[in-house]
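> Can you look at this prediction? I've put the sequence above it.
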Amino acid sequence: MLDALKNAMRIPELRRKIIFTAALLAVYRIGSYVPVPGVDASALAQQLGVDGGNIFGFLDLFTGGALGRFTVFAMGVNPYITASIIIQLLTVVVPALEQLQKEGGEGRKKIQQYVRYGTVGLGLVQAFGITMMARNWGVITNPGIFNLLLILVTLTAGTSFLMWLGEKISENGIGNGISLLIFVGIVARMPMGTINAFRAVGEGGLNLFSLIVFGLLGVAVIAGIVMVQQGQRRIPVQYAKRVVGRRMYGGQTTHIPLRVNQAGVIPVIFASSVLTFPLTLAQFVPAVGAVNRLIGYGTFGYNLLYALLVIFFTYFYTAVTFNPAEVANNMKKNGGFIPGLRPGRPTTEYLDRVLTRITLPGACFLAFIAVMPYIVAIVTRIPETFLYFGGTGLLIVVGVALDTMKQIEAHLMMRHYEGFMK
């Protein structure tokens, strides 16, 4: 692995991408410690209960502790993810957006602009709710109109800046920018979580045997995530021979790799954002008690809804990223066919049927891992406060790490270097 890393740094283009990505991620971590002016952060963190097993603790995990410290990045990239989900769903039902998506690069740029506008709008709504909640709790030092507007604008600007950072990483760096920001936030919390777990063992608040069982389960889960993320069904494709001039082309056999989990970690990120956004806003209304009883963080309703949303977004994002009709048409144009199937519609139906079947176990696996901390808490009797980075956190960390390594691997293989994965 060290040799692969040395090889990566030898390639000028890849070295620039890695350094650029690392620099922007460092900016993100520095910004996670810049406080919002005029707010008693420690008092607000105590009121939010970010150290407990509630929705704000879950949000604090995604922001790398920025919410607990109430910094300029306290809202993280959640408004951006929610806006992306809304626009993607509207693309399916709104003909104008669907037409924009079919126009190629220019159409996607226009859709991305709508996502940015939606991010700012949702960021303002969420920032307004947090600001009003902080004012009602009396943690704002001077609750005048100017200070309230300053907090509102600071939080929204922080989310907009993170959106810009993520897009720049995706364009000029390595890996998916938004996913990497979430990845870094979760990884930044893991050392302190581990220290707190061992401290609890020393103080008698946590059983050592339960902690060992949890560690072994964590290793097994990581192995399972890698297997599912790397698992694929290879569809054989034969290209017909054709003579052009004096040369013969085609005749070779290849395959289409259909991944068991075509959507990666995006369904988990989408599902958690869809659930956390309304639950966060519900904290600011009087009827919050009824909402918490039904789908409050950690309840049976929350876990069930979370699992169903993960399965839904797995199928939805797979349909967005892989179009069987387009793949079948491209094969037909290049003289390719699946043995035993006619090109065109039969190939499209076959690819769609296979993809639907192999996506189901992948989606169910993601859903199980997402709700696994609550099952583990029952089996090992470990308090949920020590399991906040399990399940969803492990999925995102392992999935993003694999996707980023694949991109580095592609650059290395183009330069005839041996990659990370053998």
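Noted; the coordinates are in hand.

> worst-scoring helix or strand of this structure, pLDDT-wise?
strand 242-244 (a mean of 58; mean pLDDT, DSSP states H and E).

> Just give the nearest non-adjacent residue to residue 374, would you?
Distances taken as CB to CB, 6 or more residues apart in numbering place residue 303 nearest to residue 374, at 5.7 Å, with adjacent residues excluded. In short, each C-beta sits where N, CA and C put it, glycine included.

> Look up which helix or strand that neighbour falls in, please.
Element membership for residue 303 (DSSP states H and E) is helix 300-321.

> Before we go further, residue 237 is sitting in a strand, right?
Yes - checked against DSSP: H, G, I helix; E, B strand; the rest coil, residue 237 lies within a strand.

> Quick one, grab the pLDDT at the residue positioned nearest the centre of the chain.
Taking CA atoms, centre = their mean as the criterion, residue 269 is the residue nearest the geometric centre of the chain, at 3.8 Å. Looking at residue 269, its pLDDT is 83.

> Could you double-check that it sits in contact with residue 82?
No - judged on CB atoms under 8 Å, residue 269 makes no contact with residue 82 at a distance of 10.5 Å.

> excluding its backbone neighbours, what's nearest residue 185?
Per CB to CB, 6+ apart, closest to residue 185 is residue 64, 3.1 Å.

> What about the one you found, how many residues nearby?
25 (other CB atoms under 10 Å).

> now residue 23: how far from residue 79?
Distance, residue 23 to residue 79, by CB to CB, to the nearest Å: 24 Å.

> Look at the two and report which has more neighbours.
Taking neighbours as other CB under 10 Å, residue 23 and residue 79 compare with residue 79 leading, 27 against 11.

> I figured that one hits residue 117, correct?
No - when contacts are counted by CB under 8 Å, residue 79 is not listed as touching residue 117 (11.3 Å).

> circling back to that earlier point, CA atoms of whichever helix or strand comes after the helix holding residue 303 as PDB?
Proceeding N to C from helix 300-321, the next assigned helix or strand is helix 324-333, under DSSP H and E. Only the C-alpha atoms of helix 324-333 are listed here, as PDB (Å, rounded to 0.1, in the frame of the first residue of the first chain):
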ATOM      1  CA  PRO A 324     -30.600  -0.200 -19.400                       C
ATOM      2  CA  ALA A 325     -32.100   1.200 -22.600                       C
ATOM      3  CA  GLU A 326     -29.100   3.400 -23.200                       C
ATOM      4  CA  VAL A 327     -26.700   0.600 -22.500                       C
ATOM      5  CA  ALA A 328     -28.600  -1.700 -24.900                       C
ATOM      6  CA  ASN A 329     -28.600   0.900 -27.600                       C
ATOM      7  CA  ASN A 330     -24.900   1.600 -27.300                       C
ATOM      8  CA  MET A 331     -24.200  -2.100 -27.600                       C
ATOM      9  CA  LYS A 332     -26.400  -2.400 -30.700                       C
ATOM     10  CA  LYS A 333     -24.700   0.500 -32.400                       C
END
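
> what ranges of the stretch 201-350 of the chain fall below the confidence cut-off?
The stretch 201-350 of the chain contains residues with pLDDT under 70 at 205, 241-251, 280-292.

> Quick one: neighbours of residue 18, just the number.
20.

> Contacts only, for the residue nearest to residue 185.
28-29, 32, 73, 76, 184-186, 188-189 (CB atoms under 8 Å, 6 or more residues apart in numbering).

> so which of those is the most crowded?
Most neighbours among these, by other CB under 10 Å: residue 73, with 29 neighbours.

> returning to what we had before: residues in contact with the residue nearest to the centre of the chain?
Residue 269 touches 81, 179, 182, 396, counting by CB under 8 Å, 6+ apart.

> Grab the CA positions of the helix or strand hosting it and hand them over as PDB.
Assigned by DSSP H and E, residue 269 belongs to helix 266-282. This file holds the C-alpha atoms of helix 266-282, laid out as PDB (Å, rounded to 0.1, in the frame of the first residue of the first chain):
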ATOM      1  CA  ILE A 266     -25.700   7.700  -1.600                       C
ATOM      2  CA  PRO A 267     -28.900   6.000  -0.400                       C
ATOM      3  CA  VAL A 268     -27.800   6.000   3.200                       C
ATOM      4  CA  ILE A 269     -26.800   9.700   3.000                       C
ATOM      5  CA  PHE A 270     -30.100  10.600   1.300                       C
ATOM      6  CA  ALA A 271     -32.300   8.600   3.700                       C
ATOM      7  CA  SER A 272     -30.600  10.100   6.800                       C
ATOM      8  CA  SER A 273     -31.000  13.600   5.400                       C
ATOM      9  CA  VAL A 274     -34.700  13.100   4.500                       C
ATOM     10  CA  LEU A 275     -35.400  12.000   8.100                       C
ATOM     11  CA  THR A 276     -33.200  14.500   9.900                       C
ATOM     12  CA  PHE A 277     -34.500  17.600   8.100                       C
ATOM     13  CA  PRO A 278     -38.100  17.300   9.200                       C
ATOM     14  CA  LEU A 279     -37.200  15.900  12.600                       C
ATOM     15  CA  THR A 280     -34.900  18.900  13.200                       C
ATOM     16  CA  LEU A 281     -37.700  21.400  12.200                       C
ATOM     17  CA  ALA A 282     -40.100  19.400  14.400                       C
END
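
> tally of neighbours for the nearest residue to residue 170 once chain neighbours are set aside?
Leaving aside its sequence neighbours, residue 170 sits nearest to residue 177 (CB to CB, 6+ apart; 4.1 Å). Around residue 177 there are 24 other residues, counting by other CB under 10 Å.
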